[in-house]
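[1] kindly return the folded structure for what I paste below:
(one chain, ligands or ions: 1)
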Amino acid sequence: MTLTRSSVDVALRGRRLRRTPGLRRLVRETRLHPDMLVQPLFVRPGHEVREEIGAMPGQFRLSPDELTAEAARLRDAGVGAVLLFGLPGDKDDQGSGAWADDGIVQQALRTLRAADPELTLIADVCLCEYTSHGHCGVFAGDTIDNDATLPLLARSAVSLAAAGADIVAPSAMMDGQVAAIRRALDGEGRQDVAILAYAAKHASAFYGPFRDAADSAPQRGDRKSYQMDPANGREALREIDADLAEGADMIMVKPALPALDILAAARGRTNVPLAAYQVSGEYASLVAAAQNGWLDRRAAALESLTAIARAGADLIITYFAAEAAEWLRKEPE
Ligand code: PBG
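    As a prediction, the model looks like this:
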């Protein structure tokens, strides 16, 4: 009796179901759809400004008036939502531009809402784009003061909700930020505004191009005292549990491809919608390789997005959103 099967009676003939495109489509386990893709947008002051971001070819800083055309493009592409980031005209040590009634993202929200009443609007809630020092919270001496930052994030969330955000997405990684924002929104009669919590956010080198895009690099120090150590996976699950207990409606894992293990673990742990953020550095590295002819842009982008969905993401925030939505509509995989 031999343990090796002969080549003619193998039990697994995986190739049978890979033979034709039709068979492959029939048994495909993971499908991307434009509805699940979220396009980040960077808004800056001015008129008729469409400024390409050096470290993120194909992405632009737009003035509010340019958003009407952008909304039409995104609607045609069929993307599920937009996520807004702002570059304010002025910065200060508190980040007061984050809650100004006429702040840059507040203006953008009003413009987009007027242009398309049905577009789902997500506003990032953080101070780093608005503080002169570039940190996500305010300083007390040499450290970022967690508890003094909470009311400022809450105030920003209320202001963004008043300007039309359907969802606010706190990304500052301050402890207790979800509870503080939920309480403030409810106190202002904004019970219907949802919170997408950046729950498990690593202090990642892959955010580099974003800091160029949003002019939000810390002037000194780094974000390691508030963002998570990329070496930690179990801690990411504790962060997710904490944000759910504080009232998050959805949670996010960020970055995406470097954290697929966390995404898969989070999927097994909660039934709330799970988002993944394919961040600026993930986009920039694929785009740079494609520009050099080293990768097929479409194939590599769709494969990476499919992997993120396969690991468990219900929605994916990606700089490829509009482009991928067009690919998927024209020529489904
Ligand atoms: C704000 C914020 C950042 C990103 C999303 N929200 C920058 C950071 O934490 O340094 C990064 C997104 C990206 O790299 O695409 N705190």
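
[2] so how far is the longest helix along the chain off the chain centroid?
    For the chain, the helix with the greatest residue count under DSSP state H is helix 146-162. Centre-to-centre, helix 146-162 and its host chain are 19 Å apart (C-alpha atoms, centre = their mean, to the nearest Å).

[3] count of residues packed around the residue nearest to Ala289 when sequence neighbours are not counted?
    Leaving out its chain neighbours, the residue that sits closest to Ala289 by C-beta to C-beta, 6 or more residues apart in numbering is Leu295, at 4.1 Å. Placement of C-beta: from N, CA and C, glycine included. Number of residues near Leu295 (other C-beta atoms under 10 Å) recorded here: 17.

[4] so Leu295 makes contact with Leu286?
    Yes: with contacts counted by C-beta atoms under 8 Å, Leu295 reaches Leu286, the gap being 6.4 Å.

[5] what helices and strands are in contact with the longest helix of the chain?
    Secondary-structure packing of helix 146-162 (3 or more C-beta pairs under 8 Å, 6 or more residues apart in numbering; DSSP states H and E): helix 104-115, strand 120-125, strand 167-170, helix 177-187.

[6] and the stretch 101-250 of the chain, which residues reach the ligand?
    Asp124, Cys126, Cys128, Cys136, Ser171, Tyr207, Phe210, Arg211, Arg223 (C-beta under 6 Å from any ligand atom).

[7] of these, which is the most crowded?
    That'd be Cys126 among these, by other C-beta under 10 Å, with 27 neighbours.

[8] ok, it to Asp9 distance?
    60 Å (C-beta to C-beta, to the nearest Å).

[9] CA atoms of stretch 22-38 as PDB?
    C-alpha atoms of stretch 22-38 as PDB (Å, rounded to 0.1, in the frame of the first residue of the first chain):
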ATOM      1  CA  GLY A  22     -17.200  31.800 -17.600                       C
ATOM      2  CA  LEU A  23     -16.300  29.100 -15.200                       C
ATOM      3  CA  ARG A  24     -13.900  31.400 -13.300                       C
ATOM      4  CA  ARG A  25     -16.600  34.000 -13.000                       C
ATOM      5  CA  LEU A  26     -19.100  31.400 -11.800                       C
ATOM      6  CA  VAL A  27     -16.900  30.400  -8.800                       C
ATOM      7  CA  ARG A  28     -15.300  33.700  -8.000                       C
ATOM      8  CA  GLU A  29     -15.500  34.300  -4.200                       C
ATOM      9  CA  THR A  30     -14.800  38.000  -4.000                       C
ATOM     10  CA  ARG A  31     -16.300  40.700  -6.200                       C
ATOM     11  CA  LEU A  32     -15.500  44.400  -6.200                       C
ATOM     12  CA  HIS A  33     -18.400  46.800  -6.800                       C
ATOM     13  CA  PRO A  34     -18.200  50.600  -7.300                       C
ATOM     14  CA  ASP A  35     -20.700  51.000  -4.400                       C
ATOM     15  CA  MET A  36     -18.000  49.900  -1.900                       C
ATOM     16  CA  LEU A  37     -15.300  52.300  -3.000                       C
ATOM     17  CA  VAL A  38     -14.700  55.600  -1.300                       C
END
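
[10] where does this protein have low pLDDT?
    Within the chain, the stretches with pLDDT under 70 are 1-8, 332-333.

[11] SS state for the residue nearest to Ala289?
    Per DSSP: H, G, I helix; E, B strand; the rest coil, the local secondary structure of Leu295 is coil.
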